[in-house]
Every structure is written in C-alpha cells, then in structure tokens.
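Engineer: Please find the sequence and the predicted model below.
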Amino acid sequence: MTALLQVDNLSGGYGDVTVVRDVSISADRGQAVFITGRNGVGKSTLVKLIAGQLEPESGSIAMQGHDVTALPAHGRRQSGIGYAPQESVVFDTLSILENLTLHYPDRDLERYHDLFGQFPRIEERLQQTAGTLSGGEKKILSFCRALAEDTPLVILDEPSEGVQPENIDRMARVILDEKANGRSFLIVEQNLTLVEEAADHAYLLDHGACVFETGRTDNLRDVLSQRLQI
C-alpha cells in the first residue's frame with residue numbers, strides 16, 4: 001500500500017547552509033506522525049521543505065504516490081498538503097473572521113462548526129483584530145484555519161506553543177477525530193503530552209538528521225524523554 005506522504009533522503013536548508021540531511025519519513029492515511037527533538041535541530045526546516053516553503057537540495061517528496069518535489073508551495077497545497085507554520089501564523093491586521101474566510105470565495109463559516117464547538121472563544125470574537133490575540137490564541141486560530149481546509153494531510157508546526165493545557169487537550173481530540181475519518185497529520189511538537197495522546201509514529205531529529213523513530217507504544221512519552229536527554 002502506497003503511503004500518503006513519502007519523503008526519501010531529503011536534504012536542504014537556507015542558501016549554502018544545509019540544515020536537514022538525508023531525512024526519510026512517511027505517513028499513512030489516518031495517521032498522526034510527530035517530529036520531535038530539541039530546539040534548533042531542523043524540525044521546522046524539514047516541514048518547510050515538505051510544504052514547499054523551501055527548495056530541497058536533494059531527495060524526493062511524494063504525495064499520494066505522485067512526485068511533488070519540484071512543485072512550489074501552492075502546487076503542494078493543490079496536491080493535498082495543508083500547512084500551519086510555527087511563525088507568522090495569522091494576518092495581524094485582519095479580523096479573526098477575515099483570517100478564517102479570506103481564502104474562501106463563499107466566506108461560509110459552516111466549515112468551522114465543529115471547531116467552534118471545541119474552541120468557542122474564536123467564534124465569540126470574530127470581529128476582533130487577530131493581532132490583539134495572545135500567542136496561544138493565534139496558534140488556535142491557525143489550527144482551526146488549517147483543519148477546516150479539505151487537505152488529506154495537515155502539517156502543523158508547534159501547534160501547542162503558548163496554548164493553555166485544556167486547549168491542547170481539545171487539539172488532541174480534534175486530531176483523533178480527524179484521524180478516525182482517514183485524515184493524516186505531520187506534526188512538529190515538543191509537548192510530549194500531545195505526542196503521547198495522538199501519535200501513531202514519532203521521529204526524533206538531532207543536528208538535522210533522524211536519529212530515532214518509533215511506533216506507538218504504551219510508554220511512548222518515557223521512550224522519547226530518555227532519547228531527548230541523550
């Protein structure tokens with residue numbers, strides 16, 4: 001069975017600086033695959049390469065069996081890859097409503113119905129300027145926007161950063177529900193609580209390379225914690 005996302009020997013970075021080196025990962029349909037590791041080891045660079053925000057130096061990226069390595073970011077989106085970045089997650093000068101509907105001609109909020117059920121404060125503050133939100137609230141807004149799109153794969157870069165624990169739990173519930181419907185996730189995350197709740201597979205990066213990977217286990221948090229201390 002062909003993996004939904006297949007990344008083979010991917011390398012790349014910024015200009016002449018190679019950050020990610022020969023990384024191979026995959027995600028099957030209905031899976032949440034997590035990428036974890038210390039700060040500054042190349043996690044965000046890796047997902048930027050996969051999402052088309054950076055051009056790879058070498059390696060290949062396939063989505064639903066089709067090679068998308070040469071496609072720009074909008075081509076990756078058309079191939080079924082959604083992306084919520086770690087930084088610049090919302091348009092600060094626009095309202096919450098505009099952030100949620102700007103990219104939809106119909107401006108219909110019905111697509112957010114279930115997400116508003118999990119994060120009611122977003123719906124209550126639709127006219128508020130997004131730039132006035134806290135960092136964690138911006139993350140929730142970005143999360144909702146990415147989840148409402150119809151992509152079979154959603155890439156989330158540090159979605160829980162600055163988010164209150166109860167809302168992290170709600171994120172986990174949304175991810176689990178979406179997985180049950182066959183959707184897949186590639187998530188950069190250091191919060192091992194979220195990893196433990198939702199991961200089917202986890203990769204550990206260090207110095208731009210994958211140094212460890214594991215499937216879901218009963219002691220996943222402990223396994224990753226021990227590896228992170230190495």
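Structural biologist: Nice, thanks for sending it over. Numbering: from 1, shown residues only.
Engineer: What's the separation between the closest residue to residue 72 other than its chain neighbours and residue 173?
Structural biologist: Nearest residue to residue 72, sequence neighbours excluded (C-beta to C-beta, 6 or more residues apart in numbering): residue 52, at 5.5 Å. (C-beta placed from N, C-alpha, C; glycine too.) Noted for residue 52: a distance of 29 Å to residue 173, by C-beta to C-beta, to the nearest Å.
Engineer: phi, psi of the residue nearest the centre of the chain?
Structural biologist: Geometric centre of the chain, nearest residue: residue 156, 1.4 Å, by C-alpha atoms, centre = their mean. Residue 156 adopts backbone torsions of phi -120, psi 120, taken as degrees, to the nearest 10.
Engineer: Roughly how far does residue 51 sit from residue 44?
Structural biologist: 10 Å.
Engineer: Do a quick rundown of the helices in this protein.
Structural biologist: Ranges of helices in the chain, per DSSP state H, are 43-51, 73-79, 96-101, 113-118, 120-124, 135-148, 165-180, 192-198, 220-228.
Engineer: Can you tell me which of these is most buried?
Structural biologist: Most buried of those, by mean neighbour count (mean count of other C-beta atoms under 10 Å): helix 43-51, with a mean of 25.
Engineer: Quick one: list the elements packing against that one.
Structural biologist: strand 5-14, strand 17-27, strand 32-36, helix 73-79, strand 81-84, strand 153-157, strand 184-188 (3 or more C-beta pairs under 8 Å, 6 or more residues apart in numbering; DSSP states H and E).
Engineer: average pLDDT for that helix?
Structural biologist: For helix 43-51, the mean pLDDT works out to 97.
Engineer: what's near enough to touch the closest residue to residue 191 other than its chain neighbours?
Structural biologist: Nearest residue to residue 191, sequence neighbours excluded (C-beta to C-beta, 6+ apart): residue 160, at 4.5 Å. Residues in contact with residue 160, defined by C-beta atoms under 8 Å, 6 or more residues apart in numbering, are 139, 168, 171, 189, 191, 194.
Engineer: what's the closest of these to residue 69?
Structural biologist: Lowest distance from residue 69 to the contacts of residue 160 (C-beta to C-beta) belongs to residue 189, with 25.0 Å.
Engineer: Give me the pLDDT value at the closest residue to residue 39 other than its chain neighbours.
Structural biologist: Residue nearest to residue 39 in three dimensions, not counting chain neighbours: residue 190, with 7.8 Å by C-beta to C-beta, 6+ apart. On the pLDDT scale, residue 190 is placed at 88.
Engineer: how close does residue 190 get to residue 124?
Structural biologist: For residue 190 relative to residue 124 (C-beta to C-beta), the value is 30 Å.
Engineer: same thing with residue 179?
Structural biologist: From residue 179 to residue 124 the distance is 28 Å (C-beta to C-beta).
Engineer: Could you name the helices and strands sitting against the helix or strand bottoming out on mean pLDDT in the chain?
Structural biologist: Least confident helix or strand, the chain: helix 220-228 with a mean of 82, by mean pLDDT, DSSP states H and E. Helices and strands touching helix 220-228, by 3+ C-beta pairs under 8 Å, 6+ apart, are helix 192-198, strand 201-206, strand 209-215.
Engineer: The second one pairs with which strands?
Structural biologist: It refers to strand 201-206. strand 32-36 (parallel), strand 209-215 (antiparallel) (DSSP bridges).
Engineer: Give me the neighbour count for residue 111.
Structural biologist: Residue 111 is flanked by 16 other residues according to other C-beta atoms under 10 Å.
Engineer: Without its sequence neighbours, what residue ends up closest to it?
Structural biologist: residue 148 is the one closest to residue 111 (C-beta to C-beta, 6+ apart), at 4.7 Å.
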